[in-house]
Structure formats: C-alpha cells, structure tokens
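S.K.: have a look; sequence and predicted model below, questions after that.
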Amino acid sequence: MADPLFPARKDDQSRRGAGHRGIALGASLGRGAAAKARAGDIVLVQLAKPGRRGSAARIVRVIGRPDVARDVIEALMLDRGLERGFHPEVEREAGQARDRGLEQGDSGSARHDLRKLPTFTIDPIGARDFDDAVSAERIDGGDVRVWVHIADVSAHVREGSLVDREARRRATSVYVPGAVEPMLPQALSNEACSLVPGRDRLAVTVELELHGAAVHRVAFYRSLIRSDERLDYERVDRIFAGRESGREPWQQPLTAAREAAAALQRAREQKGGLVLDSEEPEFSFDEQGNVSEIRGRAQTESHRLIEHLMIAANEAVARQLEQRGVPCLFRVHERPQPERVERLADQLASLDVPTPALPDHMSRSQAAELVGEMSRRVEEHVRRAGRGRAALSSLVLRSLMQAYYSPTNLGHAGLRSSSYCHFTSPIRRYPDLVCHRALLSTVGGPESAPRAGELAELGAWTSERERDAMTVERDADDVARCFALEQALYAGGPGERFAGEVIGLISAGAFVSFPRERGIYEGMLPVRRLRLQSPGRDSEREWWELNELGTILEGDRTGATLRLGDPIEVRVDGVDSVRGRVDLIPAR
C-alpha cells in the first residue's frame, strides 16, 4: 500500500471519503500505473469505492521523488485539489477560441488600430503571461497621455462557453515556485491573450489624459496592439538609475509613463493611502527540479510605475460602471474597525514605534486615516532601524479588513479610493473578465452586462477561491525554501550560525527569518528551546510568556525579552522539507 505524504487537515475530513484521490509514498506496488513506480516514489492514488473487492486504492499517476523540490510542490498542488490540466473538450474549445480571436484581429472591425503606437510590457523576469501593456506620451501643457492596454480575453472566451465555465469554477490562477495552475488553457493564457512583443494582439484600452494626477479625459475602446518590447523590472530599474540605456521607440514613452506614475504616487500618499513595501520571493530551479536560488523581489520604482498606472485604469473603469449603473464586481476593502486600529497603536508603541494621537471616539473614517499614517511611521522607523519591516508590516496588515469582491461598492480603504474594481488581469482573475464584459457593454460591444442577481454569489465564490490560492502559494513557498535550505546546510556543514530577525510571535515560540547566501529562510524557535546560561552553571529553564499585545515574549526568571523585529542568532535543528517546516534553536 502507500503512506500519506501530506497529513489530512480538518477541512479535508469530509472529502477524503471513498473515491477520493490523495498523495502518498509508494510502499508495495501492484499493476497498471504502479508498474512504472519505484518504492518511495510520490504517487497519486484513488481510493476504492465502498463494497469493492481487492486493493483499497490504485495508483493513478507517478509524480516523482520526495527529495526533488519540483515533484513535492506538484504533489502539494494535487493534494490541495488543483487539476494540473484541462479536460480535452475545454482544451479543444480554447484552441478554437484562440483562432477565432485572431481572425477578429485580421478583420480589424470596430477596433482602434494602435499597432504603430510605441508599446511595452513590464513584468517579472519569470512571468508566464503578459496581460497588460502600456503606451505614453507627453502632450501640450505638460500633461501626459497614458494608454493602458489589457488583453481582450472576452473576445476569445464567450460567456457560458466550456472555457468560460471552467474559468469561473477555477476563479483564479495559482502561482507556485516553478509552476502555475492557470485559470485559462495555455492556448489562451500563454498564446492568444498574452501580449508578447512583435505579435498582433486584441486588447481593451483605457486611455487617460493626466494633468499631474488629475484625470482630464478618459476613453475606453477595443484595440489592436503590437508590443515593441518585453521589459522586466530589473532592467527598467537599471534604466532609471542610469546604468543602462533605453531604446526607441519605447524610451520616451517609458519616461512619460514614469512621470505620470510618480504624480499618481504623490497624490495617493497625500490622500493617506497605505505605505507597505513588501518583499516577495522568486525561486529558480535547476534541470533536476531542485531550487538553485531564492531572490527577494522588493518593491522598486519599476514596480510602482506599473502598480499606479494599473490602479488608475481600475479606478477609471469602476467609475464608468458606477456612473452608468452597470452591475459589476467591485474590489472592496472596507475601512478598519476602530478597536483594531487602537490595538495596532498599542502594539507599535510597545515596540518603540512612534504613533499618532488617537481621538477619544474614533470613527471608521478616522481609523482608515490613522492606519495610513501609522504605515508611514512604520516605514520611517524601519529605515532608521534597518530592521523590522516584515514583523511591523504584518501588524499593520492584520489590523485591516480583508479585501473581497462584491457587487456593492464600499470603496477601497487601503488605496483611499471611493470606487475600485479589478480589470487589469483577466487572464488570471475571473472578476476582471466580468468587469471587461461590463465595460464593453457600455461602449457598444456585443457583450451583455452581468446579471445583477448572480453577482453576490459570484463575488463570494471568487473571494473564497482567491484565499485558497493564497494558502497554496504560501505553503509551496515554504516547501521550496526548505529544500533550498537543506542544500545550503549540506554545503555549509552542521552547526552553522545564522543572524536572524524575529518576524512573528505566538505563545509557543518565535518565527525567525534569517538570510544566507542565495536565499532568505524562515523557521520556528520554540520557547521550550530558549534557555539562559551563566558562566560556570548549567542551563536553567526560562519560562516565557507572550504579552497581551502579541509583540513581546518575556522570561519569568530574568525578565529577558524577545520582541518583534529583534535580531537573534540561531542554528537549524531540523528541516521537514515536504511539510515546509524548519525547527530552530538558539545559537548560544
């Protein structure tokens, strides 16, 4: 039989019944697919139906080996219910939809031909799809005209089609290290709807005329574009820093787009928007499927350029739909609850981060303004101290309400936006495709406006699927980090010490982030392993207790403290790569 590779979670109990597919390590092998498996391989198994004689399960697929990072991540995705492929009928229809869309481009009917307009994309180096492109130019009076081109997925995917129903069921693409579970089949996501350079592509364009950050004029229409260059964030940052030269025809448009984005950023900061610069990991794999490098992807000016232009386009679309009374899914981020903001102020104060004065009776509007101000003070504190970004940003985020999709516009508190939707990523998010159809119904397109009675349920479903995807992505990141750490420890030898930083606290211990060559890793330091030593004496047990604010662990014997953001030296006690866990002990 086979041993389960991933332990069942509480939410799995009801679905792990007869006929359920699960991930296991092969132990004894039978016929069929098992004949291709070796003992110890990771396999996908199908549990037998009730009353069926014979073996309790059969091997459906051999996935790989438990000592290969890419194989374990693939197994994790399957274990969490991801399909890892499309039904042949969906694939066939996607191929037809790809060809049908390209025929529309050849006819050019009802589309603005923008192929001569200098256009570029900016994405991560390892991006798998390109659903947004930008054009820009300076115009009279110092204004800037910006075109945000978004892949016209609705031209390829008809509402109610097999591809549309499958995209609606998936609701989002899931991105994990080295792999993706796409919302749309590859014929669309990587081919017809991807705005690759040098190829004619169908788009929906938002044209913005900006005086500083003020939108003087906006237009929406279908277009035919051809990207001139596929830029990445690192290259754009080198150009901005003067370490590399741009090229025409996209150099001047890039400069104009930079100017527009900077004005939009200044205006948003003045409005009190959140300031939270995070660092996301990027993983590289070798040919054997092992993690070869982890790079931290920090928010830089190139990221912010695209971010602010996409926000402006999303806001323009949301305003258009709201003014026309067309049903759609808004991206809602409600104002924080005052008691959460009061707790955040107390948490930051306990860590010596300056906080603004709070009113005696705080409204939710005031709470939103205050949390924005606190995020700016956190950023200033981190720059002065040189540490604490991950821990303090996490405190700010936990004080906020969770964003979700809803047909009711309640605004976006984090962006300080009164009307906001997701429009700019229809390849990977179904709510964006809904907004495309809604927008096109207002500008003479054949698409029908979404049916208002269906949107509440659809908003709840897509919000749930988004949260599920984030969980899978986070867990897969942990697995990849662990495999990389194992390799690093093997190269560095046992007992290596790491200079880390406390990024989270619970009553059971501290979560610590620690850098090493080719990566930044995380692990758990249990309180039971925290001991204090005195010269000439044996280690004595120190009992640690978490304060009410969740920001400080304090020892009962000596009064020693371990605080969020504190530096700490640790050693690795154990790594469970399959489950994405690292156990730490104090270096001393």
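M.R.: Received it, and whenever you're ready, just let me know what you need. Residues are numbered from 1 along each chain as shown.
S.K.: longest helix in this structure, please.
M.R.: Ranked by number of residues, the top helix in the chain under DSSP state H is helix 452-492.
S.K.: remind me what the very next helix or strand once past it packs against, helices and strands.
M.R.: The C-terminal neighbour of helix 452-492 among helices and strands, as given by DSSP states H and E, is strand 497-506. Helices and strands touching strand 497-506, by 3 or more Cβ pairs under 8 Å, 6 or more residues apart in numbering; DSSP states H and E, are helix 389-398, strand 509-516, strand 561-563, strand 567-576. Heads up, the C-betas are built off the backbone N, CA and C, glycines and all.
S.K.: can you check the pLDDT for the residue positioned nearest the centre of the chain?
M.R.: The centroid of the chain falls nearest to M470 when counting by Cα atoms, centre = their mean (6.7 Å). Model confidence at M470, given as pLDDT, is 96.
S.K.: ok, it to Y233 distance?
M.R.: Separation of M470 from Y233 (Cβ to Cβ, to the nearest Å) stands at 22 Å.
S.K.: got it, and E248?
M.R.: Distance from E248 to Y233, by Cβ to Cβ: 21 Å.
S.K.: and the two? Which one has more around it.
M.R.: Per other Cβ atoms under 10 Å, whichever of E248 and Y233 has more neighbours is Y233, with 21 against 9.
S.K.: OK, contacts around that one?
M.R.: When contacts are counted by Cβ atoms under 8 Å, 6 or more residues apart in numbering, Y233 touches 122-125, 297, 300, 302-303.
S.K.: pull out the buried residues from those.
M.R.: Listed as buried from the contacts of Y233 are 122-123, 297, 302-303; burial here means 16 or more other Cβ atoms under 10 Å.
S.K.: state the pair within the residues you listed that is farthest apart.
M.R.: Of all pairs drawn from the buried ones among the contacts of Y233, the greatest distance, 13.2 Å, lies between I122 and R297 (Cβ to Cβ).
S.K.: which stretches of the stretch 251-400 of the chain form helices?
M.R.: 251-271, 301-324, 338-350, 364-385, 389-398 (DSSP state H, counting those that start in this stretch).
S.K.: okay, those helices in TSV with mean pLDDT and distance to I225 next?
M.R.: Output for these, formatted as TSV (pLDDT from 0 to 100; distance: least, Cβ to Cβ, whole Å):
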stretch	mean pLDDT	distance to I225
helix 251-271	94	13
helix 301-324	96	15
helix 338-350	96	44
helix 364-385	93	36
helix 389-398	93	36
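S.K.: show residues contacting stretch 448-460.
M.R.: Residues contacting stretch 448-460 (Cβ under 8 Å, 6+ apart): 159, 168, 326-329, 404-407, 430-431, 434, 437-438, 441-442.
S.K.: please repeat the previous calculation with a cut-off of 7 Å.
M.R.: Residues from elsewhere that reach stretch 448-460, judged by Cβ atoms under 7 Å, 6 or more residues apart in numbering: 326-329, 404-407, 434, 437-438, 441.
S.K.: let me know the closest of those to I520.
M.R.: Closest approach between those and I520, by Cβ to Cβ: Y404, at 30.2 Å.
S.K.: run a quick neighbour tally on the closest residue to the closest one other than its chain neighbours.
M.R.: Counting by Cβ to Cβ, 6 or more residues apart in numbering, Y404 lies nearest to S463, which is 4.1 Å off, once chain neighbours are set aside. Residues within reach of S463, counting by other Cβ under 10 Å, total 20.
S.K.: distance of S463 from Q252?
M.R.: With Cβ to Cβ as the criterion, S463 and Q252 are 41 Å apart.
S.K.: coming back round to it: which one among the contacts of Y233 gets closest to R516?
M.R.: Distances from R516 to the contacts of Y233, taken by Cβ to Cβ, are shortest for R297, at 17.5 Å.
S.K.: just to check, the closest one is in contact with E280?
M.R.: Yes: contact criterion Cβ atoms under 7 Å: R297 and E280 qualify, at 4.6 Å.
S.K.: roughly how far apart are the residue nearest to the centre of the chain and T551?
M.R.: Taken as Cβ to Cβ, the span from M470 to T551 is 25 Å.
S.K.: and what of G504?
M.R.: Taking Cβ to Cβ, one finds G504 at 10 Å from T551.
S.K.: and what of G160?
M.R.: Taken as Cβ to Cβ, the span from G160 to T551 is 52 Å.
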